[in-house]
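Enquirer: Predicted model follows, preceded by the sequence.
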Amino acid sequence: MIDKLTKRMGFRTDPVIFTVSVVLVIVFVASAILFTEAVDTGFGAVSTWIMDKLGWLYILGVTTFLGFLIWIALSRYGSVRLGPPNSEPEYGGLVWFCMLFAAGIGSILMFWGVAEPISHFADPPKQDVPPESAAAAEEAMAFTLYHFGLHTWTIFCLPALAFGYFVYRKGLPFRVSSVFHPFLGDGIHGPIGRAVDIVAVLGTLFGVSVTIGLGTMQINSGLNELFGVPETRLTQLILITVVTAVAVTSVATGLDIGIKWLSSINIIMAVSLLVFVFVTGSTVYLARGIIETTGIYLDSLVSLAFWNDTFGDTGWQGSWTVFYWAWTITWSPFVGIFIARISRGRTIREFVIGALAVPTGFSIIWFSVFGLSSFDIEWNQGGGLVERVVVDEDVPGALFAFLTHYPLTTLVSAVSILIVVIFFTTSSDSASLVVDMLCSGSPASPTRQRVFWGVTEGVVAATVLTASGVGGLDALQQTIIVFGLPFFVIAFIMMAGLVRSLKQEAAAGVIKIRDVQ
């Protein structure tokens, strides 16, 4: 019956994964609206337990993932290609970088570029230096880059590597369950595999919906700052509708047109904003600061990678780092599969270095420019950002408050709003493409399927944000932390599966000696 229904809709998909996922989404959204407090309380209790009791495991785990990626890139398996031995990359380096960056943390740069450094500057994480001091500024930059540097991209890179290997080298479907093949064999097509893929669909939809919701709040804050547009649910509903419409149009045109061009355009605009702040701000101070901040990050990387707030026990790490890792891991199937989709033909070494080093380098420059400029505003230009972000807790408005200290404020703020819109659009259409692949197992599917998932993401975000307000959005945030735990465990299976399969290939002579030296 389910199979006939999906065929009647013109879909080519796994009817069980598709139908169960849709039903569970409807049930959750309805529950979040009708029983917001109960859902928030229930998932909140579980997510709080995860952050309190398993925080140390997240810290150790993500650092372990990073060590594994470095090892495999430098090992004899580094020259193995994600595809046949003679395959070549489908996309050039610059376009590849633009797409993986826009789908990964491009939107986060705009949201947290000012807000996170200034938050830690005003309230130092370790509580060991005076707030708003030079020492606080150093600590703020160290933690910000820890959150958005190598570790964040590790969370995306590991599943992307696993998906790319098992899909392009083993010919398995574009599904999270494919990474279980070394252990389950054809069992990945059974109940266990389908259950894994259903959880992946739900995690992706909820994770992207939260991001769309937060992005909508930032866009609304910018429009309010510029034009006095009220920050109301109606306004946010209209904004979500516009973003969803653009995302659906993009995903309907395909990867090589919509997502590719939007990603490239957006990176150009973001870099232009970065250069504008650098040139019109304290240029020499920023040039010196980028170099020094790089050193601060590298110097503190090892200690922060293992820091668990054992002695201070302030609870700060659970609400910041552990929350970030849990939330980012929820994104990992989506971003991982998307990055794998655009990375066919690259060697493991080329892939790991490109997916870790290049985005991390860009993040260092971005957060250095916006973070250091924020400190300069507080020290030398009358301040106001600490009060806006920390006291008033207006995180969505941080960027626009920041831009009031620069020339052409209205124009640049308007361009920034457009950048945010496109970043969230590329995240949404990339997620639609991935959710469709999780359900169909193939990147070649009817356009109507991708459009369906694009509309679904917008509906979930709009319904939760406008029908139940911030409480519903909080409930969804708590939910994705819970959904992130299974994928955290799966990441360990990915590492074991990769090594096992590569060793089997080498032993069977499938990987030639020259491929692994």
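Expert: The structure has been received and is ready for your questions.
Enquirer: going forward, measure contacts and count neighbours with C-alpha atoms only.
Expert: Will do.
Enquirer: Next, count neighbours for Ser413.
Expert: When neighbours are counted by other CA atoms under 10 Å, Ser413 registers 23.
Enquirer: My guess is it contacts Leu403. True?
Expert: Yes: the pair Ser413 / Leu403 is scored as a contact, 6.7 Å apart, by CA atoms under 8 Å.
Enquirer: Show me what counts as buried in stretch 28-40.
Expert: 28-29, 31-33, 36-37, 39-40 (16 or more other CA atoms under 10 Å).
Enquirer: oh sorry, the question was meant for stretch 214-229
Expert: Buried-residue list, stretch 214-229, by 16+ other CA under 10 Å: 214-223, 225.
Enquirer: which one of those is nearest Gln317?
Expert: Leu214 (21.6 Å; CA to CA).
Enquirer: give the contact list for the closest residue to that closest one other than its chain neighbours.
Expert: Using CA to CA, 6 or more residues apart in numbering and skipping residues adjacent in sequence, the residue nearest Leu214 is Pro396, 7.7 Å away. Pro396 sits next to 111, 214-215, 217-219, 221 when contact means CA atoms under 8 Å, 6 or more residues apart in numbering.
Enquirer: let's see it at 7 Å
Expert: 111, 217-218, 221 (CA atoms under 7 Å, 6 or more residues apart in numbering).
Enquirer: returning to that earlier point: now flag whichever of the buried residues of stretch 214-229 is closest to Thr409.
Expert: Glu225 (10.5 Å).
Enquirer: Of the contacts of Pro396, which pair is most distant in space?
Expert: Phe111 and Ser221 (11.4 Å).
Enquirer: Can you tell me which helices and strands the helix or strand harbouring Leu274 packs against?
Expert: Element membership for Leu274 (DSSP states H and E) is helix 260-280. Applying 3 or more CA pairs under 7 Å, 6 or more residues apart in numbering; DSSP states H and E, we find helix 260-280 packed against helix 93-104, helix 409-440.
Enquirer: And the next helix or strand past the shortest one?
Expert: Toward the C-terminal end, the helix or strand that comes next after helix 93-104 (DSSP H and E) is helix 106-112.
Enquirer: So which residues lie in contact with that next one, not counting its own?
Expert: Contacts of helix 106-112 (CA under 7 Å, 6+ apart): 396, 420, 423-424.
Enquirer: What are the boundaries of the strands in the stretch 1-150 of the chain?
Expert: Taking DSSP state E, counting those that start in this stretch as the test, none of the stretch 1-150 of the chain falls into strands.
Enquirer: Grab the nearest non-local neighbour of Ile377.
Expert: Gly383 (5.2 Å).
Enquirer: Isn't that neighbour up against Ser374?
Expert: No: Gly383 is beyond contact range of Ser374, at 8.4 Å (criterion: CA atoms under 7 Å).
Enquirer: So if I had to pick from these two, which one is more boxed in?
Expert: Remark: of Gly383 and Ser374, Ser374 carries more neighbours, 29 against 16, as counted by other CA under 10 Å.
Enquirer: Just give me how far stretch 43-62 sits from the chain centre.
Expert: Mean-position distance between stretch 43-62 and its chain equals 19 Å (CA atoms, centre = their mean, to the nearest Å).
Enquirer: pLDDT weak spots in the protein?
Expert: Applying pLDDT under 70 to the chain flags residues 1-11, 101-106, 254-260, 442-445, 466-477, 510-517.
Enquirer: before we move on, back to that, of the contacts of Pro396, closest to Val284?
Expert: Phe111 (25.4 Å).
Enquirer: and that closest one, how many neighbours does it have?
Expert: Phe111, neighbours per other CA under 10 Å, totals 21.
Enquirer: okay, the helices and strands packed on helix 260-280, which one's buried deepest?
Expert: helix 409-440 (a mean of 25; mean count of other CA atoms under 10 Å).
Enquirer: Skip the chain neighbours and tell me the closest residue to Gly354.
Expert: Phe97 is the one closest to Gly354 (CA to CA, 6+ apart), at 8.0 Å.
Enquirer: picking that back up, mind listing which of the buried residues of stretch 214-229 are in helices?
Expert: Using DSSP state H, 214-223, 225 are the members of the buried residues of stretch 214-229 that sit in helices.
Enquirer: circling back: so, if you compare the buried residues of stretch 214-229, which one comes nearest to Trp316?
Expert: Leu214 (21.7 Å).
Enquirer: how much space between the closest one and Gly207?
Expert: 11 Å (CA to CA, to the nearest Å).
Enquirer: go on, Ser79?
Expert: 34 Å.
Enquirer: the more surrounded of these two?
Expert: A side-by-side neighbour count of Ser79 and Gly207, using other CA under 10 Å, places Gly207 first with 29 against 22.
Enquirer: Can you tell me the element that one falls in?
Expert: Here Gly207 is assigned to helix 191-227, by DSSP H and E.
Enquirer: go on, Val284?
Expert: Going by DSSP H and E, Val284 is in helix 283-306.
Enquirer: in that helix, what's buried?
Expert: Those would be 286, 289-290, 293-294, 296-297, 301, 304-305, for helix 283-306 by 16+ other CA under 10 Å.
Enquirer: Also stretch 351-370?
Expert: Applying 16+ other CA under 10 Å to stretch 351-370 flags 351-356, 358-360, 363-370 as buried.
Enquirer: same question, stretch 44-62
Expert: 44, 47-48, 50-51, 55-56, 58-59, 61-62.
Enquirer: Please export the C-alpha coordinates of stretch 299-319 as CSV.
Expert: Taking C-alpha atoms only, stretch 299-319 is exported to CSV below (Å, rounded to 0.1, in the frame of the first residue of the first chain):
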residue,chain,number,x,y,z
ASP,A,299,49.1,27.3,21.1
SER,A,300,45.9,26.6,22.9
LEU,A,301,44.6,23.9,20.5
VAL,A,302,45.9,20.8,22.4
SER,A,303,44.9,22.1,25.9
LEU,A,304,41.4,23.1,24.7
ALA,A,305,40.9,19.8,22.8
PHE,A,306,41.1,18.0,26.2
TRP,A,307,39.8,20.7,28.5
ASN,A,308,36.8,19.4,30.5
ASP,A,309,36.3,22.2,33.1
THR,A,310,37.2,19.5,35.7
PHE,A,311,38.6,21.9,38.4
GLY,A,312,36.4,24.9,37.9
ASP,A,313,33.2,22.9,37.2
THR,A,314,31.4,26.1,36.2
GLY,A,315,28.9,24.3,33.8
TRP,A,316,30.1,26.6,31.0
GLN,A,317,31.4,23.9,28.8
GLY,A,318,28.1,22.0,28.8
SER,A,319,26.1,25.0,27.5
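Enquirer: which residues are contacting it?
Expert: Taking CA under 7 Å, 6+ apart as the rule, stretch 299-319 contacts 51-52, 55-56, 59-60, 63, 125, 142, 146.
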